[in-house]
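Peer 1: whatever this is, show me its structure:
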Amino acid sequence: GNCRSLEWLTTTSKAFLMEVTIRDFTCRLVITNGIVTLTNAEQVIISPERLNYISSPDILEVENTIMAIMNISERRREENIERVQALITSHAFVEVSTILELVLWKNKMNVIGDLNPRTRGECRVMCGADDIIPGVLSFL
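Peer 2: As a prediction, this is how the structure comes out:
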């Protein structure tokens, strides 16, 4: 809804702030201390906790994709926001699962102790990532 009496909003440390201009949305990543100052412009703020899991190099790609999604006028704004949330979730899951797999693989190699190339490959297959990662992602 519209609430013009707010001066600021509390968010997580990262948020995408989108402002409606005459023709389209502009989007920028805001890294805050948890406070986003609101303006007189119409704004959409997307600040899921999952945003904190996306690496810095990927944030620019996400930001550009968000602008493209939000500027598709054939869909309702709510549909576009749902697509943006799905995009952020997808990127966060990739980041978290990659890091978790690397940690599990490294742990398995430390347990085995033999670091020849064949053993390293076997450790990756046997590290348990296929069983552990889906369970962890269900909590994100």
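
Peer 1: how about low-confidence regions in this protein?
Peer 2: For the chain, the stretches with pLDDT under 70 are 1-13, 21-23, 28-39, 41.

Peer 1: quick one, strands of it?
Peer 2: Here the chain has its strands, by DSSP state E, at 8-10, 14-20, 25-31, 35-37, 43-46.

Peer 1: return the set of buried residues in the last one.
Peer 2: Meaning strand 43-46. Going by neighbour count (16 or more other C-beta atoms under 10 Å), the buried part of strand 43-46 is V44, I46. The C-beta positions use only the backbone N, C-alpha and C, and glycine is treated the same way.

Peer 1: that strand pairs with which strands?
Peer 2: If you go by DSSP bridges, strand 43-46 pairs up with strand 14-20 (antiparallel).

Peer 1: and the partner strand, which residues are buried?
Peer 2: K14, A15, F16, L17, M18, E19.

Peer 1: same deal with stretch 108-128?
Peer 2: So, applying 16+ other C-beta under 10 Å, buried residues of stretch 108-128: K108, M109, C123, R124, C127.

Peer 1: just how off-centre is it within its chain?
Peer 2: 30 Å (C-alpha atoms, centre = their mean, to the nearest Å).

Peer 1: what's it in contact with?
Peer 2: E101, L104, W105, N107 (C-beta atoms under 8 Å, 6 or more residues apart in numbering).

Peer 1: that stretch: end-to-end distance?
Peer 2: Terminal residues of stretch 108-128 lie 9 Å apart, using C-alpha to C-alpha, to the nearest Å.

Peer 1: the lengthiest helix in the chain vs strand 14-20, what angle?
Peer 2: Ranked by residue count, the top helix of the chain under DSSP state H comes out as helix 77-112. Angle of helix 77-112 versus strand 14-20, following axes from the mean of the first three to the mean of the last three C-alpha atoms, to 10 degrees, is 160 degrees.

Peer 1: now do the buried residues in helix 77-112.
Peer 2: Buried residues in helix 77-112 (16+ other C-beta under 10 Å): 80-81, 83-84, 87-89, 91-93, 95-97, 100-101, 104-105, 108-109.

Peer 1: how many other residues sit next to T26?
Peer 2: 13 (other C-beta atoms under 10 Å).
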